[in-house]
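*Asks:* 3D model of this:
(chains A and B)
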Amino acid sequence: MEVAPMIRLEGVTKTFPGSETPAVDRLSLTIEEGETVVLVGPSGCGKTTTLKMINRLIEPTSGVIEVAGTDVTTEPAHELRRRIGYVIQQVGLLPHRTVAQNVATVPRLLGWEKTRIDARVDELVELVRLEPSIRDRYPAELSGGQQQRVGVARALAADPPVLLMDEPFGAVDPIVRANLQQELQVLQARLGKTIVLVTHDIDEAITLGDRIAVLNVGGILEQFDAPGEILARPANPFVESILGRDRGIKRLSLLPISGVALESGPVVMPGASAQDARRVMDRYGTDWFGVAEGERMLGWHWAADLTDSVVPATGARPFLARLRRGDSLRDALDVIVTSHTRAAPVFDGDRFLGMLTAETIAAELAR
Amino acid sequence: MIVGGTERPFFRWDWVGSHVGEILERVLEHLVLTGIAIGVGLIISALLAGLALRYRRTYGPITWLSAGLYAIPSLALFAFLVPITGFTMLTAQIGLVSYTLLILVRSIVTGIDGVDPAIREAAVGLGYSRRRLLLEVELPLAMPVILTGIRVTAVTTVGLVTITALIGRGGLGFFILRGLGRFFETEIIVGTVLSVALAAALDGLLVVVGRMVAPWTDRRSRVGA
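*Replies:* Take a look at the predicted model:
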């Protein structure tokens, strides 16, 4: 069955008055229901202009924009906007309204009844994980992170199918930003909105996007694909430059450990002979070995600890970093480069599954 | 002027005591004249400011015109108006209202211009229509600035009302004018002191009103609580 896309841009061009060259040039994009599309590119690439044309804060010079199969110009702009959530970097909370009143903005514009609005506000305050006690505060009394949460709650208030986000986490510090990004992912997994998000931060694009539209100066679409695809096969040197020099590392963050065959590693049973231990170390080219009883990992020893004819019964050093199958290869690489053993042990609860080494990871990237 | 001899005290409380009724009447008249001037001034200023905000090119001429009115010496203005509109309330109010326009128009336009563009953009993006944006977002946020303008205007107008005594109005100005006419200091002092007190009281009242209409400006100290 053919499902109409949630947002469709067809040959959209915007030339601002007094400008020779278009800010956005014959852009066509199709965004499916429930996906998160990130528009990324350098300043002047028209990403914000594109976003604002969807809710008609900017009117295109030519071309057609459809939301849910309807041309956006067929109804008054303010009515269209009440069905499209909008979040901006500066948040733009109404300073004269309390948190609850801010969240209630669109339902009030839509003329909902008071009891329905109150119930919805409660729901949203919980959804974006704000403490209920801040309901009656004014925006100036909130931290940046709290303000941004209120901004997201406000955008979601009337349950719009589409959410437009313009550099939503650009104004908060990196720690808060990482939290908010993660929460957006959790929220999105629950709500399944169609999200269009603008950012200049390629890492944010890779983290949040189901697909990424890479735009070049003048609103030219260079590549539009899933993050993994773009990282593995950038369409041209411009896309490569946007991805940066650590493109391989970025790709690793998208690849889960569960997709890679683990090695058993230089591991022996407790009570094994020193000779056995030396043999596994030779095979893996390490100067350490692990001791495991069945699936229970006891720890590891240096080669130099082998002073007897059998491996020591006690004194095994624990593996400090333990990875799980859901972690990314980037996490694994981090463990590898920071541990003494140059290996990343993977566990499922207490069960030892195997190890990853730099070689396995490099081989995976080369596939 | 300060020549108080022994047989004639400088300030005569007994005069005040025997004129309480008349003093209260004049205070009330003063308040009414001030109130009407500010009320009518606000309505006209709101219309002019609306015009200036909608059609930017009109802001220059509107400011220029109201500044011109503001610059005319009040005595000259009343002298000019009396042949046309006579010794009437209308004459008094034309003068008083004219002097409110410059500050009021400016404070309304400045107040609304001063609304953070991000707030305006977010509000429009969420679906505010133009009219509701003005009434529910821009005006409330401009209110602290507008109220400052109203305070200045109120204080100026209270002072200016005394001048209208020359055309038979004047509130407390009546006492000043009559006192001057017969070299009676007590009356001049009563008129002046009460006029100043009235201005101060009105200013204080508007500060309280300001806190009431903009409660959000008062609670920033709670950040991080």
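*Asks:* tell me the residues of chain A that contact chain B?
*Replies:* A:55, A:57, A:76, A:78-82, A:86, A:88, A:90-97, A:105-106, A:109, A:137-138, A:140-143, A:151, A:154-155, A:164 (C-beta under 8 Å from any C-beta of the partner chain). Every residue, glycine included, has its C-beta placed from N, CA and C.
*Asks:* now, of the residues you listed, which are buried?
*Replies:* Buried members of these, counted by 16 or more other C-beta atoms under 10 Å in any protein chain shown: A:55, A:57, A:78, A:80-82, A:86, A:88, A:90-97, A:105-106, A:109, A:137-138, A:141-142, A:151, A:154-155, A:164.
*Asks:* and those residues, which of them are in strands?
*Replies:* A:86, A:88, A:164 (DSSP state E).
*Asks:* show me what counts as buried in stretch A:113-127.
*Replies:* A:117, A:120-121, A:124-125, A:127.
*Asks:* got CSV for the residues you listed, with secondary structure too?
*Replies:* Formatted as CSV, the buried residues of stretch A:113-127 follow (DSSP: H, G, I helix; E, B strand; the rest coil):
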residue, secondary structure
A:Ile117, helix
A:Arg120, helix
A:Val121, helix
A:Leu124, helix
A:Val125, helix
A:Leu127, helix
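*Asks:* okay, these in JSON lines with pLDDT and distance to B:Ala71 next?
*Replies:* Formatted as JSON lines, these follow (pLDDT from 0 to 100; distance: C-beta to C-beta, whole Å):
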{"residue": "A:Ile117", "pLDDT": "96", "distance to B:Ala71": "51"}
{"residue": "A:Arg120", "pLDDT": "96", "distance to B:Ala71": "55"}
{"residue": "A:Val121", "pLDDT": "96", "distance to B:Ala71": "52"}
{"residue": "A:Leu124", "pLDDT": "95", "distance to B:Ala71": "55"}
{"residue": "A:Val125", "pLDDT": "94", "distance to B:Ala71": "55"}
{"residue": "A:Leu127", "pLDDT": "92", "distance to B:Ala71": "59"}
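*Asks:* surely A:Arg325 is in contact with A:Ala344?
*Replies:* No - using C-beta atoms under 8 Å, A:Arg325 is not in contact with A:Ala344; the gap is 12.0 Å.
*Asks:* so who does whatever residue of chain A ends up closest to chain B touch?
*Replies:* Per C-beta to the nearest C-beta, the residue of chain A with the smallest distance to chain B is A:Gly92, at 2.7 Å. A:Gly92 makes contact with A:151, B:116, B:118-123, B:125, according to C-beta atoms under 8 Å, 6 or more residues apart in numbering or on different chains.
*Asks:* and for the residue nearest to it when sequence neighbours are not counted, the neighbour number?
*Replies:* Leaving aside its sequence neighbours, A:Gly92 sits nearest to B:Ala122 (C-beta to C-beta, 6 or more residues apart in numbering or on different chains; 2.7 Å). If you count neighbours by other C-beta atoms under 10 Å in any protein chain shown, B:Ala122 ends up with 26.
*Asks:* before we move on, what about the one 4 residues further on?
*Replies:* For B:Leu126, the number of neighbouring residues by other C-beta under 10 Å comes to 25.
*Asks:* now it: how far from A:Leu80?
*Replies:* Separation of B:Leu126 from A:Leu80 (C-beta to C-beta, to the nearest Å): 11 Å.
*Asks:* same deal with A:Asp210?
*Replies:* 24 Å.
*Asks:* go on, B:Arg8?
*Replies:* Taking C-beta to C-beta, one finds B:Arg8 at 81 Å from A:Leu80.
*Asks:* can you tell me the element A:Gln182 falls in?
*Replies:* For A:Gln182, the element it lies in under DSSP states H and E is helix A:174-191.
*Asks:* now that helix: buried residues?
*Replies:* A:176-177, A:180-181, A:183-184, A:187-188.
*Asks:* as a markdown table, these with distance to A:Val37 would be great.
*Replies:* As requested, the buried residues of helix A:174-191 are arranged in a markdown table below (distance: C-beta to C-beta, whole Å):
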| residue | distance to A:Val37 |
| --- | --- |
| A:Val176 | 24 |
| A:Arg177 | 20 |
| A:Leu180 | 18 |
| A:Gln181 | 16 |
| A:Glu183 | 19 |
| A:Leu184 | 14 |
| A:Leu187 | 16 |
| A:Gln188 | 12 |
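*Asks:* pretty sure A:Val214 sits in a strand.
*Replies:* Yes - assessed with three-state DSSP, A:Val214 lies in a strand.
*Asks:* separation between the spatially most central residue of chain A and A:Ile249?
*Replies:* For chain A, the residue nearest the mean C-alpha position is A:Thr207 (2.3 Å; C-alpha atoms, centre = their mean). Distance from A:Thr207 to A:Ile249, counting by C-beta to C-beta: 14 Å.
*Asks:* again with A:Ser309
*Replies:* 44 Å.
*Asks:* before I go, just wanted to say thanks for your time.
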